[in-house]
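**Q** pasting the structure only:
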């Protein structure tokens, strides 16, 4: 799914799926599972068949992201 959205237009997208195109309602697309630990040797198993409009109300696609810098936190001892 993510690769398809990138190829269509490499930009961030918000898809509201209530009135989605039939392709998003009827076609099961490979969608990266949420919360999986990335291991390249098991990458194929990280995708699940998903009919987006049946599973979600909306879908946010961020084409490019970067890591955040951690906040400095001081330990509080009581």
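**A** Nice, I can see it. Computed from a predicted model, the values in this text were never measured in an experiment.
**Q** Mind listing residues that contact the helix or strand containing residue 3?
**A** For residue 3, the element it lies in under DSSP states H and E is helix 2-8. Applying Cβ atoms under 8 Å, 6 or more residues apart in numbering, the contact partners of helix 2-8 are 13, 29, 31, 32, 61, 63. For every residue, glycine as well, the C-beta is placed using N, CA and C.
**Q** tell me how far it is from the chain's mean position?
**A** Using Cα atoms, centre = their mean, to the nearest Å, the mean C-alpha position of helix 2-8 is found 11 Å from that of the whole chain.
**Q** Quick check: what element follows it along the chain?
**A** Later in the chain than helix 2-8, the nearest helix or strand by DSSP H and E is strand 13-16.
**Q** Name every strand pairing with that next one and say which way it goes.
**A** If you go by DSSP bridges, strand 13-16 pairs up with strand 58-61 (antiparallel).
**Q** Go through the strand it pairs with and flag the buried ones.
**A** The neighbour-count check on strand 58-61 (16 or more other Cβ atoms under 10 Å) flags residue 59 as buried.
**Q** farthest-separated two in the contacts of helix 2-8?
**A** Across the contacts of helix 2-8, the longest distance by Cβ to Cβ is 16.9 Å; it joins 29 and 63.
**Q** Give me the more crowded residue out of these two.
**A** Legend: neighbour count by other Cβ atoms under 10 Å for residue 29 and residue 63, higher for residue 29 (17 against 12).
**Q** Skipping adjacent residues, who's closest to that one in space?
**A** Using Cβ to Cβ, 6 or more residues apart in numbering and skipping residues adjacent in sequence, the residue nearest residue 29 is residue 1, 4.6 Å away.
**Q** hang on, that neighbour packs against residue 27?
**A** No: under the criterion of Cβ atoms under 8 Å, residue 1 is not in contact with residue 27, lying 10.1 Å apart.
**Q** Pull the number of nearby residues for residue 52.
**A** Burial of residue 52 is recorded as 20 neighbouring residues (other Cβ under 10 Å).
**Q** Correction: the previous question concerned residue 40.
**A** Residue 40, neighbours per other Cβ under 10 Å, totals 5.
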